[in-house]
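Peer 1: just coords:
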């Protein structure tokens with residue numbers, strides 16, 4: 001049956017996921033883009049900035065665990081609205097970070113506690129609220145993908161909507177420094193934060209569960225439910241609540257969580273530290289970083305969509321969904337090794353490390369398009385968001401360790417006059433993390449197996 005005969009409404013849902021992810025990443029890039037300016041204004045060290053970003057990742061990690069359960073519990077439609085409302089408010093709160101920090105110090109004074117830096121306290125609170133809201137995006141998006149697409153299309157869909165992260169990362173350097181230089185850094189947080197709220201209108205207009213979606217043809221609904229494992233269950237236990245501890249009994253959960261733990265921190269480093277890297281290594285500031293970051297994140301779109309398509313290449317040649325995805329992930333895991341050359345060749349031209357890091361970041365997005373879909377390959381739809389939440393928490397914790405370690409390394413080697421050594425160490429981890437993750441995931445789940453509950 002042709003796509004025309006099946007119908008294409010599910011791709012409208014994919015477009016909604018793309019735009020929500022764009023807003024999600026645009027909001028979280030603002031602080032990293034303004035960090036050089038804010039660090040100068042408020043006297044932040046590398047460790048201060050690492051502490052702020054680590055708070056984001058700690059809250060994000062813990063919230064991911066609960067976000068998955070909440071979305072499985074209240075449903076995708078309400079869950080997504082709740083998440084994007086909270087993270088948009090959190091983004092806007094950054095504009096009021098100084099009054100928030102003063103309020104924290106006043107409270108500490110009443111409690112007899114030592115005051116902290118006003119700016120650091122205010123940005124930590126704002127970034128924590130942003131993290132709490134943003135933790136709901138990927139569990140909701142991937143649950144929606146499991147609802148609206150058969151397994152063979154899910155990695156492509158994940159690649160498409162995940163490329164919204166790259167669009168957000170591209171739009172950030174093109175707009176945020178200009179807004180900040182024109183209207184002030186506070187305006188950048190307010191304007192960007194307000195964008196996500198408009199998305200809710202379109203979500204309300206176009207999303208319903210497939211079984212209740214009047215715009216879906218019967219042919220397209222049958223196609224969505226064509227996977228035998230995803231056929232509607234007749235079990236009386238279909239709605240039975242499954243605990244986190246029960247999910248942790250399965251190797252598939254641990255494989256997904258370890259893969260996220262090893263690799264999420266790499267993406268967070270690329271997202272949160274590259275503006276600072278360009279400032280330190282090449283003395284680029286403000287709007288000067290727009291071109292290299294736009295080029296780098298444009299490259300990641302190729303990885304995101306191409307990585308989502310790659311399993312289909314193997315599947316169309318006879319591989320199972322499991323084997324096709326695993327082969328694609330192994331091939332992808334070799335590309336980040338290019339990042340090892342970023343520092344040694346950085347003295348030739350700024351564009352060489354930009355392109356090499358771009359290859360690594362592109363590979364990460366290709367990897368993400370596939371690892372994100374592994375829970376929906378192995379678990380029933382009703383548990384997908386919960387498993388993704390567990391993996392998201394593991395990824396967040398890995399990101400925290402990476403952020404703190406990076407900040408400490410950069411301060412240590414900067415004081416010693418060898419900041420390049422700090423970057424070389426961090427880039428080495430970025431290069432090797434994916435191969436390590438693949439080997440462990442393969443050891444945990446050597447053959448395909450589906451969890452039935």
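Peer 2: Structure received. In this text the structure is predicted, and so the values were computed from the model without any measurement.
Peer 1: Check the secondary structure at residue 44 for me.
Peer 2: Secondary structure assignment for residue 44 (DSSP: H, G, I helix; E, B strand; the rest coil): coil.
Peer 1: And it, its phi and psi?
Peer 2: Phi and psi for residue 44, reported as degrees, to the nearest 10, are phi -80, psi 140.
Peer 1: could you list every residue that touches it?
Peer 2: Residue 44 sits next to 35, 38, 52, 119-120 when contact means Cβ atoms under 8 Å, 6 or more residues apart in numbering. For glycine as for every other residue, the C-beta is placed from the backbone atoms N, C-alpha and C.
Peer 1: rerun at 7 Å
Peer 2: Residue 44 sits next to residue 38 when contact means Cβ atoms under 7 Å, 6 or more residues apart in numbering.
Peer 1: Skipping adjacent residues, who's closest to residue 437 in space?
Peer 2: residue 262 (4.0 Å; Cβ to Cβ, 6 or more residues apart in numbering).
Peer 1: The one you found is in contact with residue 436, isn't it?
Peer 2: Yes. Judged on Cβ atoms under 7 Å, residue 262 makes contact with residue 436 at a distance of 5.8 Å.
Peer 1: more neighbours, these two?
Peer 2: residue 262 (23 against 15; other Cβ atoms under 10 Å).
Peer 1: Could you say which helix or strand holds that one?
Peer 2: helix 251-282 (DSSP states H and E).
Peer 1: Quick one: list the elements packing against that helix.
Peer 2: helix 9-42, helix 351-371, helix 374-378, helix 384-415, helix 419-444 (3 or more Cβ pairs under 7 Å, 6 or more residues apart in numbering; DSSP states H and E).
Peer 1: Against which helices or strands is whichever strand or helix holds residue 334 packed?
Peer 2: Per DSSP H and E, residue 334 falls inside helix 321-334. Helices and strands touching helix 321-334, by 3+ Cβ pairs under 7 Å, 6+ apart, are helix 151-183, helix 290-315, helix 351-371, helix 374-378, helix 419-444.
Peer 1: Would you tell me which of those helices gets closest to residue 395?
Peer 2: helix 351-371 (9.5 Å; Cβ to Cβ).
Peer 1: The closest one versus helix 251-282: what angle between them?
Peer 2: Counting by axes from the mean of the first three to the mean of the last three Cα atoms, to 10 degrees, helix 351-371 lies at 160 degrees to helix 251-282.
Peer 1: for helix 351-371, which positions count as buried?
Peer 2: Neighbour counts over helix 351-371 (16 or more other Cβ atoms under 10 Å) mark 353-371 as buried.
Peer 1: Count residues in the vicinity of residue 7, would you?
Peer 2: Neighbour number of residue 7 under other Cβ under 10 Å is 17.
Peer 1: Report the separation between the closest residue in space to residue 339 that isn't next to it in sequence and residue 96.
Peer 2: Among residues not flanking residue 339 along the chain, residue 360 sits closest, at 4.0 Å (Cβ to Cβ, 6+ apart). Remark: distance between residue 360 and residue 96 (Cβ to Cβ, to the nearest Å) = 36 Å.
Peer 1: again, but for residue 126
Peer 2: Residue 126 sits at a distance of 8 Å from residue 96 (criterion: Cβ to Cβ).
Peer 1: Comparing those two, which residue is more hemmed in?
Peer 2: Shown here are residue 126 and residue 96; by other Cβ under 10 Å, residue 126 has more neighbours (27 against 16).
Peer 1: By mean pLDDT, flag the weakest helix or strand of the chain.
Peer 2: helix 3-6 (a mean of 66; mean pLDDT, DSSP states H and E).
Peer 1: Redo the helices and strands packed on helix 321-334 as CSV? Include distance to residue 81.
Peer 2: Listed next are the helices and strands packed on helix 321-334 as CSV, based on distance: least, Cβ to Cβ, whole Å:
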stretch, distance to residue 81
helix 151-183, 17
helix 290-315, 25
helix 351-371, 24
helix 374-378, 22
helix 419-444, 33
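Peer 1: Reformat these as TSV; add mean pLDDT and distance to residue 192.
Peer 2: Shown next, in TSV, are these (pLDDT from 0 to 100; distance: least, Cβ to Cβ, whole Å):
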stretch	mean pLDDT	distance to residue 192
helix 151-183	85	7
helix 290-315	86	15
helix 351-371	93	21
helix 374-378	83	30
helix 419-444	93	27
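Peer 1: Quick check: which of the ones you listed is nearest to residue 396?
Peer 2: helix 351-371 (14.2 Å).
Peer 1: For the closest one, name the packing helices and strands.
Peer 2: helix 151-183, helix 251-282, helix 290-315, helix 321-334, helix 419-444.
Peer 1: How about residue 419, nearest residue that isn't a chain neighbour?
Peer 2: Using Cβ to Cβ, 6+ apart, the closest residue to residue 419 is residue 413 (5.1 Å).
Peer 1: If you tally nearby residues, what's the number for that neighbour?
Peer 2: Residue 413: 18 neighbours (other Cβ under 10 Å).
Peer 1: wait, what's in contact with it?
Peer 2: 419, 421-422.
Peer 1: Residue 102 now?
Peer 2: Here residue 102 is in contact with residue 118 (Cβ under 7 Å, 6+ apart).
Peer 1: what sits against residue 222?
Peer 2: Applying Cβ under 7 Å, 6+ apart, no residues contact residue 222.
Peer 1: Tell me the helix or strand right after the helix or strand encompassing it.
Peer 2: Using DSSP H and E, residue 222 falls within helix 218-224. As assigned by DSSP H and E, the chain's next helix or strand after helix 218-224 is helix 244-247.
Peer 1: now the angle from the helix holding residue 262 to helix 321-334?
Peer 2: Going by the same axes, to 10 degrees, helix 251-282 makes 20 degrees with helix 321-334.
Peer 1: Show me what counts as buried in helix 251-282.
Peer 2: 252-282.
Peer 1: what pLDDT, on average, does it get?
Peer 2: Averaged across helix 251-282, pLDDT comes to 89.
Peer 1: what's the angle from that helix to helix 419-444?
Peer 2: 170 degrees.
Peer 1: Going by neighbour count, which residues in stretch 170-180 are buried?
Peer 2: 170-173, 175-177, 179-180.
Peer 1: Any chance of those residues in JSON lines with distance to residue 344 as columns?
Peer 2: Shown next, in JSON lines, are these (distance: Cβ to Cβ, whole Å):
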{"residue": "170", "distance to residue 344": "27"}
{"residue": "171", "distance to residue 344": "32"}
{"residue": "172", "distance to residue 344": "28"}
{"residue": "173", "distance to residue 344": "26"}
{"residue": "175", "distance to residue 344": "33"}
{"residue": "176", "distance to residue 344": "31"}
{"residue": "177", "distance to residue 344": "29"}
{"residue": "179", "distance to residue 344": "36"}
{"residue": "180", "distance to residue 344": "34"}
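Peer 1: quick check, nearest of these to residue 29?
Peer 2: residue 172 (3.7 Å).
Peer 1: Next, the contact list for the closest one, please.
Peer 2: Residues in contact with residue 172, defined by Cβ under 7 Å, 6+ apart, are 26, 29-30, 33.
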